[in-house]
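**Student:** All I have is the shape, not the residue letters:
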């Protein structure tokens, strides 16, 4: 197989740690360095073989890293880092502000074309694997409808909203896809469904001592935008239960394409993810696409790409012949 | 968009008819001609705009067809037609003899490289979309196991075996995935499962008048290879029920990847198809890949390809910018 794909990580939060962990599962890859905006001395990556460096010094590592995985957030980190890093490295990121993807793509594309690098943007599961399944669904079944359901999953924004309520000590919110709505889709009914009709909201709350639980529950259930228009359940639990049962970051969801062929034949394609850890899974997808970015660049390609542009075989460490023999 | 992709069909059975029907759902494609080994006059394609021609004359249509979709069988038709037609056309086929794929690939590849055409082999859902999901699963979750379950679906070979039994007037057999086995996989147990443990067999039989039903049932349930090692149900029905309820060709199945990330986090990816008609769905997949073959060839590519080599965006009539905006 020759030498390993040399990976750099920029940003060491949940996603960066997930990437570090995922690289260990791929024998053809190695983690060279983690770049952080914090003082490198303060960042413990738990592995003496991995350099921790200041993001200021990144340019010096231009020839030592094959692919840089950008693990920052979409709000402020990536709009700046994406186009900057594409001047120096092949990059992978998980930019997920859907409405701004076209603009972000253009800005990264300009840098990557100029530097001759490949930058695959918006990688992960949504955008990412879910996007691919939306595409396959409508390409294969042009007459039909596509439904995306999210959950069961922890929603950071909704959990924060609960925690801001008076008398709440801790709280988490899970988005749950409506079984009833999913079954209507699976039955080929092609219903018109709003995001609201597709999802329920399940809240677990630790109340402060002496707090008015009925009042907290009412405040949650009537909160505009977040909860008022949804079926919302509120369950009060102890602080111990919160720690024991609600510390993970599960997520997942469903992409269902319901289409017709021939005279009036129902055809259903369903893709689903049931993820014990959202950031660890997203990281695993980023790492597989890093392999593809490296190969595409070695093959002479340059510019911004998305999951739609990547031939699936490039994601696997196996050769094309091996894939045909083992997986086709 | 410019001119339409001009499609030819070779072989006019269930699959050929499905392709004809699928082309009508894609505005950027048109069916030019159907080629048959039968006397063209005897083949009714139900559309005066579509030429029916002898497969002997195919070379004359070399410049009038952008992609030829080969709708013959894998046992005898494709091993001959695949390499022959790749000398003249971009081709798509659904070659599905898994063990012979490497050999078939080589023979088609030699022809297609010589002619400068693109031939995408083994397209459909298994091999095809299921293969892609096996690949994505292990690329994203390298530590884990992949499970393919088939059904609920009509099995031609097992139905034939029932119909050969004395006293049987008509019979169909459905392969049913075992819910118990699927749930063990979904729970992250990573069980070792044989094909037998994963599937049940459901048989519907019309007995001839006066036939010994108990004897028929016993003959089915004890038939070596086909039924003896499976949980097999036999239900006797009337000829009318057979026609009314068992004339369609439903199929489908599941590809489940169960993997671990991080310390010991379960991650499950599940892909499933619930198909009202197996040949119509397979045909729809073939047509989407015909679009990709045409584009890849216009882009200068040549040789045999599989679904692993095709960037997903090429399957859609939408532009890359539109895909990023609408589906990412």
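**Tutor:** Here it is on my side, so go on. Not measured: the values here are computed from a predicted model. Numbers count the residues shown, from 1 in each chain, chains lettered A, B, ... in the order given.

**Student:** and the helix ranked longest in chain A, average pLDDT?
**Tutor:** If you go by DSSP state H, chain A has its longest helix at helix A:278-298. For helix A:278-298, the mean pLDDT works out to 98.

**Student:** residues near residue A:142, how many?
**Tutor:** For residue A:142, the neighbour count with other Cβ atoms under 10 Å in any protein chain shown is 20. For every residue, glycine as well, the C-beta is placed using N, CA and C.

**Student:** sec struct for it, please.
**Tutor:** coil (DSSP: H, G, I helix; E, B strand; the rest coil).

**Student:** Remind me which helix or strand the residue in the stretch 101-250 of chain A positioned nearest to chain B belongs to.
**Tutor:** Minimum separation of the stretch 101-250 of chain A from chain B (Cβ to the nearest Cβ) falls at residue A:139, amounting to 3.9 Å. Assessed by DSSP states H and E, residue A:139 sits inside helix A:129-140.

**Student:** same thing with residue A:235?
**Tutor:** Residue A:235 is located in strand A:231-236, with elements delineated by DSSP H and E.

**Student:** Next, the contact list for the most centrally placed residue in chain A, please.
**Tutor:** The structure's chain A has its C-alpha centroid closest to residue A:124; by Cα atoms, centre = their mean the separation is 3.9 Å. Going by Cβ atoms under 8 Å, 6 or more residues apart in numbering or on different chains, residue A:124 touches A:94, A:96, A:282, A:285, A:286.

**Student:** about what we covered before: who are the packing partners of the strand holding residue A:235?
**Tutor:** strand A:199-207, helix A:213-221 (3 or more Cβ pairs under 8 Å, 6 or more residues apart in numbering or on different chains; DSSP states H and E).

**Student:** So for residue A:177, which of these sits nearest?
**Tutor:** strand A:199-207 (5.9 Å; Cβ to Cβ).

**Student:** Paired strands for the closest one, with orientation please.
**Tutor:** Take DSSP bridges as the rule and strand A:199-207 pairs in its sheet with strand A:168-177 (antiparallel), strand A:231-236 (parallel).

**Student:** how about the ones you listed in a markdown table, adding mean neighbour count and mean pLDDT?
**Tutor:** Converted to a markdown table, those look like this (neighbours: other Cβ atoms under 10 Å in any protein chain shown; pLDDT from 0 to 100):
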| stretch | mean neighbour count | mean pLDDT |
| --- | --- | --- |
| strand A:168-177 | 21 | 96 |
| strand A:231-236 | 16 | 96 |
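
**Student:** The lowest-mean-pLDDT helix or strand in chain A packs against which elements?
**Tutor:** Taking mean pLDDT, DSSP states H and E as the measure, the helix or strand of chain A with the lowest value is helix A:195-198, at a mean of 86. Applying 3+ Cβ pairs under 8 Å, 6+ apart, we find helix A:195-198 packed against helix A:179-186.

**Student:** Let me know the average pLDDT across the helix it packs on.
**Tutor:** 95.

**Student:** For the residue nearest to the centre of chain A, give me phi and psi.
**Tutor:** phi 150, psi -140 (degrees, to the nearest 10).

**Student:** What separation do you get for the residue in chain A sticking out farthest from the centre and residue A:168?
**Tutor:** No residue in chain A sits farther from the centre than residue A:210, which is 39.1 Å out by Cα atoms, centre = their mean. Counting by Cβ to Cβ, to the nearest Å, the gap between residue A:210 and residue A:168 amounts to 13 Å.

**Student:** circling back to that earlier point, which residues does the helix holding residue A:139 contact?
**Tutor:** Outside helix A:129-140, the residues touching it (Cβ under 8 Å, 6+ apart) are A:122, A:144, A:146, A:148, A:253, A:255-257, A:259, A:269, A:271, A:273, A:285, A:306-308, B:129, B:136, B:140, B:269, B:281, B:284-285, B:288, B:291, B:312-313, B:315-317, B:323, B:327-328.

**Student:** in chain A, which ranges drop under the pLDDT threshold?
**Tutor:** A:1-2 (pLDDT under 70).

**Student:** what sits against the residue nearest to residue A:110 when sequence neighbours are not counted?
**Tutor:** Sequence neighbours aside, residue A:83 is the residue nearest to residue A:110 in space, at 7.0 Å (criterion: Cβ to Cβ, 6 or more residues apart in numbering or on different chains). Contact analysis of residue A:83 by Cβ under 8 Å, 6+ apart lists A:107, A:108, A:110, A:111.

**Student:** Next: residue A:276.
**Tutor:** Listed by Cβ under 8 Å, 6+ apart, the contact set of residue A:276 reads A:248, A:250, B:261, B:265, B:266, B:267.

**Student:** can you do 7 Å?
**Tutor:** A:248, A:250, B:265, B:266, B:267 (Cβ atoms under 7 Å, 6 or more residues apart in numbering or on different chains).

**Student:** Next: residue A:20.
**Tutor:** A:9, A:31, A:45.

**Student:** do you know how far it is from residue B:46?
**Tutor:** Between residue A:20 and residue B:46 the computed distance is 60 Å (Cβ to Cβ).

**Student:** buried stuff in the helix or strand where residue A:242 lies?
**Tutor:** Following DSSP H and E, one finds residue A:242 within helix A:239-245. Across helix A:239-245, burial judged by 16 or more other Cβ atoms under 10 Å in any protein chain shown covers residue A:242.

**Student:** helices and strands around it, which ones?
**Tutor:** Using 3 or more Cβ pairs under 7 Å, 6 or more residues apart in numbering or on different chains; DSSP states H and E, the elements in contact with helix A:239-245 are strand A:168-177, strand A:199-207.

**Student:** For residue B:152, which of these is the nearest?
**Tutor:** Once the helices and strands packed on helix A:239-245 are compared by Cβ to Cβ, strand A:168-177 is nearest, at 23.4 Å.

**Student:** Tell me how far that closest one lies from the chain's centre.
**Tutor:** Computed by Cα atoms, centre = their mean, to the nearest Å, the chain-centroid distance of strand A:168-177 equals 20 Å.

**Student:** Need the residues that contact that strand.
**Tutor:** A:149-155, A:158-159, A:162-163, A:198-208, A:216, A:239, A:242, A:246, A:253-254.

**Student:** now these: which count as buried?
**Tutor:** When the contacts of strand A:168-177 are checked against 16+ other Cβ under 10 Å, the ones flagged as buried are A:149-155, A:158-159, A:162, A:198-207, A:216, A:242, A:246, A:253-254.

**Student:** quick one on the thing from earlier: point out the other helices and strands that the longest helix of chain A packs with.
**Tutor:** So helix A:278-298, by 3+ Cβ pairs under 7 Å, 6+ apart, packs with strand A:5-10, helix A:14-23, strand A:67-70, strand A:90-93, strand A:118-120, helix B:129-140, strand B:251-261.

**Student:** got the angle between the first one and helix A:278-298?
**Tutor:** Inter-element angle recorded for strand A:5-10 and helix A:278-298: 130 degrees (by axes from the mean of the first three to the mean of the last three Cα atoms, to 10 degrees).

**Student:** ok, strand A:5-10 near chain B or not?
**Tutor:** No - against chain B, strand A:5-10 shows no contacts by Cβ under 7 Å from any Cβ of the partner chain, the least distance being 13.4 Å.

**Student:** What strands line up against that strand, and which way round?
**Tutor:** Applying DSSP bridges, one finds strand A:5-10 paired with strand A:29-36 (parallel), strand A:67-70 (parallel).

**Student:** got the contact list for residue A:275?
**Tutor:** Counting by Cβ under 7 Å, 6+ apart, the residues that residue A:275 touches are A:250, A:251, A:252, A:281, B:267.

**Student:** Mind listing the residues bridging to it?
**Tutor:** Counting by DSSP bridges, the residues bridging with residue A:275 are residue A:251, residue B:267.

**Student:** Next, work out how far apart it and residue A:32 are.
**Tutor:** Taking Cβ to Cβ, one finds residue A:275 at 28 Å from residue A:32.

**Student:** Helix or strand for residue A:103, just tell me which one.
**Tutor:** helix A:101-115.

**Student:** Buried residues, that helix. List them.
**Tutor:** A:101, A:104, A:105, A:107, A:108, A:109, A:111, A:112, A:115.
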